[in-house]
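Participant: give me a model of this one.
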Amino acid sequence: MPVAAGATTSPAQQDVEPPAAAPPVVSFFTAPDRYRHWRVAVDGEVATVTLTVDENGALVAGYELKMNSYDLGVDIELYDLVQRLRFEHPSVKSVVMTGGLERMFCAGANIRMLAQSSHAWKVNFCKFTNETRNGIEDATASSGQTWIAALNGTAAGGGYELALACEQIVLIDDGSSVVSLPEVSMLGVLPGTGGLTRVVDKRHVRKDRADLFATKPEGCRGLTAVQWGLVDATVARDGFAGEITRRATEAAATSKRPSDAQGVQLTTLTRQDGGDEITYPYVTATIDRPGRRVDITVRGPDQAPPAGVAGVQAQGVDYWPMAITRALDDLTLHLRTNELQAGSWVLRTVGELDRVLAYDAQLAELSDDWFVSEVRHYYKRTLKRLDVTSRSLFAVIEPGSCFGGLLLELALAADRQYMLQGVYEDVDPGAEPASIVLTGSNDVFPMGNDLSRLQSRFWGHPEELDGARARFGEKLDAAAAVELGLVTMAPDDLDFADELRIALEERACQSPDALTGMEANHRFVGPETMETKIFGRLAAWQNWIFTRPNASGPDGALRRFGTGRKGDFDFERV
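Facilitator: Now for the predicted structure:
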């Protein structure tokens, strides 16, 4: 799991040793009329998003957001605007991101905030930050919305990492503005919001230059930044705006996004919080605090899919695949940030399997439509968010379940799958036994390793993968699911409840630290990608570094930043 620190360039601006502040219950829903830190302007095919952080708009008391530094609240707004540009503005084909302060694009994550935050807060803050950066890249790759970083001033630490998520980076040449990753030298931590990985894997900066850059607190400016590949161009102030306009216009000309489509408004999410239960129109979560568990149930559609593209777009956010995606996205963020003790999530579905399959087929049939395509990519990103969530995931498949196609992805994302063999004889002996259905959808939603969950499940066993694919579209009972390797266990009515209870009780008694490491290693098989490096290799090292005294101890670099004193390091290599 990632933890990142973006550094400001002036230690005197951010002194440390702040008072401890209790973290708030975080809501991840916002809207443009509530933004405090971002401005969005749409001009035809080009949108401009400007970061002008409200210094007094911190999400938690105890620090000021000076020099366009950010905290979780700033990033929640960024995530929201990325989503809205994709759904509400289909005609926007390029996005310019710039800073609203003179000679300062962004100073990165607020150091005082990081210094006062708990380890869990830092982890979740930066995991979400990484996911938002990945969402920017996905908008370019999947939606034809090219993001361009117009660095009107210095981009330091997380500020430069924000620019790295863009397809193009243009730095103003004013004699003072630089790009830098000063975390190693100034804070004793890593630039963990993808910085190290994107510099070498995406920007293709030579290893020796990357090493020098990441240990050079003053960063690089002008031609050096261009020659090393840290930015694409540097432009004098008098020509800067014209160059950005040219690049945005050229990028828009290559996009296949529609020019005259009507956007779909992301209206306020319907959600009810009642004690230990959270309810959305198609998703319910019940928190078992003594058992440190959450039971999550996704309900299938109430009716058949609407007719054609016009019918789908008319339903907008109420279109069933869109509605469940928004709910699962919000629920995942809420639980992992605000319910730290609930370490096991039990996933269930309920509804008519044939209706789920009808929606599944429609998503494939209408995939060329811009809105349907955005829904599919949103579901893809939400599943990825689930993949990197540090919780034990169990899928329970029973009579009345509707794990088929896109909903079967939830079961395939789980660490284990328990499927009832037969029915509950004492409850409903006449019920129809549970079945699952594989479809082409189970091969089109990639994980961070660029493999589908089906490919990941059968990694190294191509014959088993082919065997599963050969059964696409069939209703598979428990025996067939076991034979094909699609479920972990399929006990009968006599043993099912006990097997599941024992598994969940055992999980609740084991070290969450060890479980998090184990799950992350098991989930991402096969090839390493930029995403798996960011959420695995880089994140794991950062988490370890953040618990070490060299960074977070009372005499560590992170704690002493801004005091005029350097960190007191233990120089033993371990």
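Participant: pLDDT weak spots in the protein?
Facilitator: By pLDDT under 70, the low-scoring segments of the chain are 1-22.
Participant: surely residue 500 and residue 395 touch.
Facilitator: No. Here residue 500 does not reach residue 395: they are 10.7 Å apart, not a contact under C-beta atoms under 8 Å. In short, each C-beta sits where N, CA and C put it, glycine included.
Participant: for the stretch 201-350 of the chain, which segments count as strands?
Facilitator: Applying DSSP state E, counting those that start in this stretch to the stretch 201-350 of the chain gives strands spanning 233-236, 272-274, 277-279, 283-288, 293-299, 344-350.
Participant: over to the stretch 351-500 of the chain?
Facilitator: Counting by DSSP E, counting those that start in this stretch, the strands of the stretch 351-500 of the chain are 392-397, 416-419, 436-437, 475-476.
Participant: next, the buried residues of the helix ranked longest in the chain.
Facilitator: If you go by DSSP state H, the chain has its longest helix at helix 119-143. Within helix 119-143, the residues that count as buried by 16 or more other C-beta atoms under 10 Å are 121-140, 142-143.
Participant: now, of the strands of the stretch 351-500 of the chain, which is deepest in the fold?
Facilitator: strand 436-437 (a mean of 26; mean count of other C-beta atoms under 10 Å).
Participant: how far is it from where the chain is centred?
Facilitator: 27 Å (C-alpha atoms, centre = their mean, to the nearest Å).
Participant: what's that strand packed up against?
Facilitator: helix 408-413, strand 475-476 (3 or more C-beta pairs under 8 Å, 6 or more residues apart in numbering; DSSP states H and E).
Participant: how about 7 Å then?
Facilitator: Packing contacts for strand 436-437, counted by 3 or more C-beta pairs under 7 Å, 6 or more residues apart in numbering; DSSP states H and E, involve strand 475-476.
Participant: for the strand it packs on, packing partners?
Facilitator: Counting by 3+ C-beta pairs under 7 Å, 6+ apart, strand 475-476 packs on strand 436-437.
Participant: so who does the closest residue to residue 316 other than its chain neighbours touch?
Facilitator: Nearest non-adjacent residue to residue 316, counting by C-beta to C-beta, 6 or more residues apart in numbering: residue 264, 4.4 Å away. Residue 264 sits next to 87-88, 313, 316-317, 371 when contact means C-beta atoms under 7 Å, 6 or more residues apart in numbering.
Participant: circling back to that earlier point, tabulate the strands of the stretch 351-500 of the chain in a markdown table, adding columns for distance to residue 83.
Facilitator: Listed next are those as a markdown table, based on distance: least, C-beta to C-beta, whole Å:
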| stretch | distance to residue 83 |
| --- | --- |
| strand 392-397 | 24 |
| strand 416-419 | 30 |
| strand 436-437 | 30 |
| strand 475-476 | 35 |
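Participant: next, residue 97: secondary structure please.
Facilitator: Assigned by DSSP: H, G, I helix; E, B strand; the rest coil, the conformation of residue 97 is strand.
Participant: what's the burial count for it?
Facilitator: 25 (other C-beta atoms under 10 Å).
Participant: what's near enough to touch it?
Facilitator: 49, 147, 149-150, 166.
Participant: nearest to residue 56, of those residues?
Facilitator: Within the contacts of residue 97, the smallest distance to residue 56 is 21.2 Å, found for residue 49 (C-beta to C-beta).
Participant: what packs against the helix or strand hosting the closest one?
Facilitator: Assessed by DSSP states H and E, residue 49 sits inside strand 46-51. Contacts defined by 3+ C-beta pairs under 7 Å, 6+ apart place strand 46-51 against strand 38-43, strand 94-99.
Participant: need phi/psi at the residue nearest to residue 316.
Facilitator: Backbone torsions of residue 264, given as degrees, to the nearest 10, read phi -110, psi 120.
Participant: distance check, it against residue 497.
Facilitator: 43 Å (C-beta to C-beta, to the nearest Å).
Participant: ok, which stretches of the stretch 51-200 of the chain are strands?
Facilitator: Counting by DSSP E, counting those that start in this stretch, the strands of the stretch 51-200 of the chain are 69-70, 94-99, 103-106, 108-109, 146-151, 153-156, 168-173, 179-180.
Participant: I'd say residue 193 and residue 125 touch.
Facilitator: No. Assessed by C-beta atoms under 7 Å, residue 193 is found out of contact with residue 125, at 9.7 Å.
Participant: residues in contact with residue 376?
Facilitator: So residue 376 contacts 363, 367 (C-beta under 7 Å, 6+ apart).
Participant: which parts of stretch 351-361 are buried?
Facilitator: Under 16+ other C-beta under 10 Å, the buried positions of stretch 351-361 are 351-353, 355-361.
Participant: please save the CA atoms from it in PDB.
Facilitator: Listed next in PDB are the C-alpha coordinates belonging to stretch 351-361 (Å, rounded to 0.1, in the frame of the first residue of the first chain):
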ATOM      1  CA  GLY A 351     -31.500 -11.100  -7.600                       C
ATOM      2  CA  GLU A 352     -32.400 -12.700 -10.900                       C
ATOM      3  CA  LEU A 353     -29.300 -14.000 -12.700                       C
ATOM      4  CA  ASP A 354     -30.900 -13.700 -16.100                       C
ATOM      5  CA  ARG A 355     -31.500 -10.000 -15.700                       C
ATOM      6  CA  VAL A 356     -27.900  -9.500 -14.700                       C
ATOM      7  CA  LEU A 357     -26.800 -11.300 -17.800                       C
ATOM      8  CA  ALA A 358     -29.100  -9.200 -19.900                       C
ATOM      9  CA  TYR A 359     -27.400  -6.000 -18.600                       C
ATOM     10  CA  ASP A 360     -24.000  -7.700 -19.100                       C
ATOM     11  CA  ALA A 361     -24.800  -8.400 -22.700                       C
END
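Participant: list the contacts of that stretch.
Facilitator: Stretch 351-361 is contacted by residues 299-301, 304-305, 320-321, 402, 404-407, 435, 437, 439, 441 when judged by C-beta under 7 Å, 6+ apart.
Participant: report the contact partners of residue 550.
Facilitator: By C-beta under 7 Å, 6+ apart, the residues touching residue 550 are 188, 556-557, 567, 569-570.
Participant: just the buried residues of those.
Facilitator: For those, buried by 16+ other C-beta under 10 Å: 188, 556-557, 567.
Participant: ok, and the most crowded of the contacts of stretch 351-361?
Facilitator: residue 404 (30 neighbours).
Participant: what is that one paired to in the beta sheet?
Facilitator: Under DSSP bridges, the beta-bridge partners of residue 404 are residue 437.
Participant: quick one, helices of the stretch 401-550 of the chain?
Facilitator: 408-413, 453-457, 462-469, 478-484, 493-509, 512-523, 530-532, 539-546, 549-552 (DSSP state H, counting those that start in this stretch).
Participant: can you name the residues in contact with the fourth one?
Facilitator: By that I understand helix 478-484. Taking C-beta under 7 Å, 6+ apart as the rule, helix 478-484 contacts 419-421, 433-434, 436, 467-468, 471, 476, 487, 490.
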